[in-house]
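Trainee: Please find the sequence and the predicted model below.
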Amino acid sequence: MAGRPLQAALLTAVAVLAAAERELRFKAPPPAETPVRLFTEPELARYDGQQEGQPIYLAVKGVVFDVTSGKEFYGKGAPYNALVGKDSTRGVAKMSLDPADLTHDITGLTEEELKSLDDIFNNVYKAKYPIVGYTSRRILNEDGSPNLDFKPEDQPHFNIRDEF
């Protein structure tokens, strides 16, 4: 009869462990820290580093990065502040802060500039800064309607597997 209390304790322990395993296995995954969103140009412009305490966002190739952790480079009065609050793909490719280059437009860039763009996109922005969204220009027409012909895989210098 001395074995009965031990047997009961073991059965209780097994039942508790099984319940804990079921609870852990079927729990929903935690929500993402920051949801990824779509930014219009005016919305993105709000994150230009001019307001203390506000995040600082920069878009390259239509991908919006939170560069707040690099505030010394991108914040108010910082050397690269001209790049933030907009899609500065051309400026990044040309390594230019000229206002005419602070655009998404890559028309006419040289092969060397396009390679530089890809290198900086992958080895600086994607390596250091979290993605918080995408520019609406990537998937919408000028009038704001959905571009039904948009296919990420058809975009120049875009690889969807590299974005997530």
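Mentor: Happy to help now that I have it.
Trainee: can you map out the helices along this structure?
Mentor: Along the chain, the segments classed as helices by DSSP state H run 3-25, 41-45, 71-74, 89-94, 111-120, 126-128, 160-163.
Trainee: Lowest average pLDDT across those?
Mentor: Note on the helices of the chain: helix 160-163 shows the lowest mean pLDDT, a mean of 52.
Trainee: I'd guessed Thr89 sits against His104; true?
Mentor: Yes: under the criterion of C-beta atoms under 8 Å, Thr89 is in contact with His104, at a separation of 5.1 Å. Every residue, glycine included, has its C-beta placed from N, CA and C.
Trainee: who has more neighbours, those two?
Mentor: Counting neighbours by other C-beta atoms under 10 Å for Thr89 and for His104 shows that Thr89 has the greater number, 25 against 17.
Trainee: For the more buried one, give me its contacts.
Mentor: Contacts here follow C-beta atoms under 8 Å, 6 or more residues apart in numbering; on that basis Thr89 touches 59-62, 103-106, 117.
Trainee: cutoff 7 Å now
Mentor: 60-61, 104, 106, 117 (C-beta atoms under 7 Å, 6 or more residues apart in numbering).
Trainee: Likewise for Ala93?
Mentor: 106, 109, 113-114, 116-117.
Trainee: switch to 10 Å and redo it
Mentor: Shown in contact with Ala93 (C-beta atoms under 10 Å, 6 or more residues apart in numbering): 60-61, 101, 106, 109-110, 112-121, 157.
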